[in-house]
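Asker: Any chance you could fold what I've pasted below:
(chains A and B)
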Protein chains: 2
Amino acid sequence: MRQFVVVGHDAPTTPEFPLDDLAGGAGRLDVLCRCVSAALCLSHGIREETRVHLVLDDTYTVVFDGATVRRLNPDERSTAALVRGALEERDEAVGHEPVEASPGVSLYRFGFETTLDRVAEDGTVVELHEDGAPVVERPALADPVFVLSDHRAFADEETALLDAVADERVRLGPASLHANHAITVAHNHLDTGRFTRGRGECHGA
Amino acid sequence: MRQFVVVGHDAPTTPEFPLDDLAGGAGRLDVLCRCVSAALCLSHGIREETRVHLVLDDTYTVVFDGATVRRLNPDERSTAALVRGALEERDEAVGHEPVEASPGVSLYRFGFETTLDRVAEDGTVVELHEDGAPVVERPALADPVFVLSDHRAFADEETALLDAVADERVRLGPASLHANHAITVAHNHLDTGRFTRGRGECHGA
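Answerer: Okay, here's the model as predicted:
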């Protein structure tokens, strides 16, 4: 299982946002939608062993589960419509019980800290950081959980929470990437097995 | 210089398409817009040494030049607006002379074959192919030009044109990726220097 947590700092928490203005009237929901596509969409199918958690303004968390999601397309607008559908059902999410608004799309009534605690139980929490170890040097990562921020940097309190549970600090490369591009690169490293080789092994030939 | 050519088979050739329906009424312009973002957008800036060529239904080619482009945002809609602006000026593109509709966004009145011939003069044409050599085994690629198709496979005649000029056949990994995700992965390989190491060298440590 691979998981991605994306913290949205400028995301809608009610369904009254325009699908025609995702990068403005909907905050920056466009960023989060691109992350869903990067996490789950293959050219001919869905990454079934992957889950992505969108934290909306530290209020709700919408989880897309590749194993069960339906009607997911790679464009921003249709993904935003699924987020809107989840927000329409938000009154049904009580305590830590989610509401599944459409197949594989569930909304939880909690934000970053609880999401982080829950994913930390399941896997190896990976913080992507410019001071991290180059990804090609990392040993095997069992059930990795990558935690990323949207177009803004993590707030100080978010960084503190993440530092407390992170098992690894990894750098994907020298360029500073958008969150969705980082997700794509992380997948490729996992796909090609570079994450699962021992430190210092030969990756050529 | 890195270049990406993306062949759009279901793309608009006039500006009368809806920005609110990029994955429907505008054909699949959403796919091409995501490719522009993957090719040019960094978290804090633009990849200035990169150019991306969008072939629109083998009729026009819109070129985004990272060195001079302005007002480029990572979302699909704003990129589509730049494509629309280029199509609005299409009558000004005569012969092989382009029209620059906005800074760094030029439209040419030719399709895939001429685009391919022109980029082949400048660089190493790379065909991404599932039977290609694993990317980690490739030696240095000088001025690589990656040629990709949108959501559809290359037509037979396009494959024949590409085979005739391709210098390399490369596989990025075992998963079949969307074009925009393949662009992101190719950039990462170039960023981290894996493309530029010799065959069989040690990439760990």
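Asker: Where does pLDDT dip in chain A?
Answerer: By pLDDT under 70, the low-scoring segments of chain A are A:139-140, A:194-205.
Asker: hey, where'd the strands end up in chain A?
Answerer: Using DSSP state E, the strands of chain A run over A:2-8, A:41-42, A:45-46, A:50-56, A:60-65, A:99-102, A:105-108, A:124-134, A:144-149, A:168-171.
Asker: B:Thr124: which of these is closest?
Answerer: strand A:124-134 (25.7 Å; Cβ to Cβ). For every residue, glycine as well, the C-beta is placed using N, CA and C.
Asker: mind checking how far that closest one is from the chain centre?
Answerer: 15 Å (Cα atoms, centre = their mean, to the nearest Å).
Asker: again with stretch A:1-13
Answerer: 5 Å.
Asker: what do you get for stretch A:57-66?
Answerer: Offset of stretch A:57-66 from its chain centre (Cα atoms, centre = their mean): 9 Å.
Asker: now the end-to-end length of it.
Answerer: End-to-end span of stretch A:57-66 (Cα to Cα, to the nearest Å): 23 Å.
Asker: can you list contacts of it?
Answerer: For stretch A:57-66, contacts defined as Cβ atoms under 8 Å, 6 or more residues apart in numbering or on different chains pick out A:7-13, A:36, A:39-40, A:46-56, A:72, A:82-83, A:86-87, A:90, A:93, A:98, A:104-112, A:114-115.
Asker: Going through those, which ones are buried?
Answerer: Among those, those buried by neighbour count (16 or more other Cβ atoms under 10 Å in any protein chain shown) are A:7-12, A:36, A:39-40, A:46-47, A:50-56, A:72, A:82-83, A:86-87, A:90, A:93, A:98, A:104-112, A:115.
Asker: and the closest residue to A:Arg71 other than its chain neighbours, how far is that from A:Thr61?
Answerer: Nearest residue to A:Arg71, sequence neighbours excluded (Cβ to Cβ, 6 or more residues apart in numbering or on different chains): A:Ser102, at 6.8 Å. Plainly put, A:Ser102 is 16 Å away from A:Thr61 if you go by Cβ to Cβ, to the nearest Å.
Asker: What of A:Arg84?
Answerer: 15 Å.
Asker: Quick check: end-to-end length of stretch A:44-51?
Answerer: End residues of stretch A:44-51 are separated by 18 Å (Cα to Cα).
Asker: can you check stretch A:63-72 too?
Answerer: 13 Å.
Asker: Please give the centre-to-centre distance between it and its chain.
Answerer: Its chain's average C-alpha position is 13 Å from that of stretch A:63-72, according to Cα atoms, centre = their mean.
Asker: So which bits of that stretch are buried?
Answerer: A:63-66, A:69, A:72.
Asker: looking at it, A:Glu158 is touching A:Thr115, isn't it?
Answerer: No - counting by Cβ atoms under 8 Å, A:Glu158 does not reach A:Thr115; the two are 11.1 Å apart.
Asker: picking that back up, quick check: the residue nearest to A:Arg71 touching A:Leu82?
Answerer: Yes - contact criterion Cβ under 8 Å: A:Ser102 and A:Leu82 qualify, at 6.1 Å.
Asker: any shared contact partners between those two?
Answerer: In contact with both A:Ser102 and A:Leu82: A:Arg71, using Cβ under 8 Å, 6+ apart.
Asker: how about the helices in chain A?
Answerer: A:29-40, A:76-88, A:112-122, A:156-165, A:179-191 (DSSP state H).
Asker: Next up, the contacts around A:Gly25.
Answerer: A:Gly25 sits next to A:17-18 when contact means Cβ under 8 Å, 6+ apart.
Asker: could you redo the last one with a cut-off of 10 Å?
Answerer: Taking Cβ atoms under 10 Å, 6 or more residues apart in numbering or on different chains, we find A:Gly25 in contact with A:12, A:16-19.
Asker: Quick check: PyMOL command selecting the buried ones in those.
Answerer: Provided next is the PyMOL selection string for whichever of these are buried by 16+ other Cβ under 10 Å:
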select buried, chain A and resi 12+17+19
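Asker: From the contacts of A:Gly25, list the ones also adjacent to chain B.
Answerer: Residues of these in contact with chain B (Cβ under 10 Å from any Cβ of the partner chain): A:18-19.
Asker: okay, the contacts of A:Gly25 in a markdown table with distance to A:Arg138 next?
Answerer: Below are these laid out as a markdown table (distance: Cβ to Cβ, whole Å):
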| residue | distance to A:Arg138 |
| --- | --- |
| A:Pro12 | 35 |
| A:Glu16 | 43 |
| A:Phe17 | 38 |
| A:Pro18 | 41 |
| A:Leu19 | 39 |
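Asker: Mind picking the one among the contacts of A:Gly25 that's closest to chain B?
Answerer: Lowest distance from chain B to these (Cβ to the nearest Cβ) belongs to A:Leu19, with 7.6 Å.
Asker: isn't that closest one right up against A:Gly85?
Answerer: No - using Cβ atoms under 10 Å, A:Leu19 makes no contact with A:Gly85, being 11.3 Å away.
Asker: tell me the most buried of the helices of chain A?
Answerer: helix A:29-40 (a mean of 27; mean count of other Cβ atoms under 10 Å in any protein chain shown).
Asker: and that helix, does that touch chain B?
Answerer: Yes - with Cβ under 10 Å from any Cβ as the measure, helix A:29-40 is seen reaching chain B through A:29-31, A:33-34, A:37-38.
Asker: How about stretch A:136-150?
Answerer: Yes - Stretch A:136-150 is in contact with chain B by Cβ under 10 Å from any Cβ, via A:136-138.
Asker: That stretch spans what distance, first to last residue?
Answerer: For stretch A:136-150, the first and last residues are 24 Å from each other (Cα to Cα).
Asker: now that stretch, how far from the centre of its chain.
Answerer: On Cα atoms, centre = their mean, the centre of stretch A:136-150 falls 12 Å from that of its chain.
Asker: number of nearby residues for the residue lying closest to A:Ser43 once chain neighbours are set aside?
Answerer: Among residues not flanking A:Ser43 along the chain, B:Ser176 sits closest, at 4.2 Å (Cβ to Cβ, 6+ apart). Number of residues near B:Ser176 (other Cβ atoms under 10 Å in any protein chain shown) recorded here: 13.
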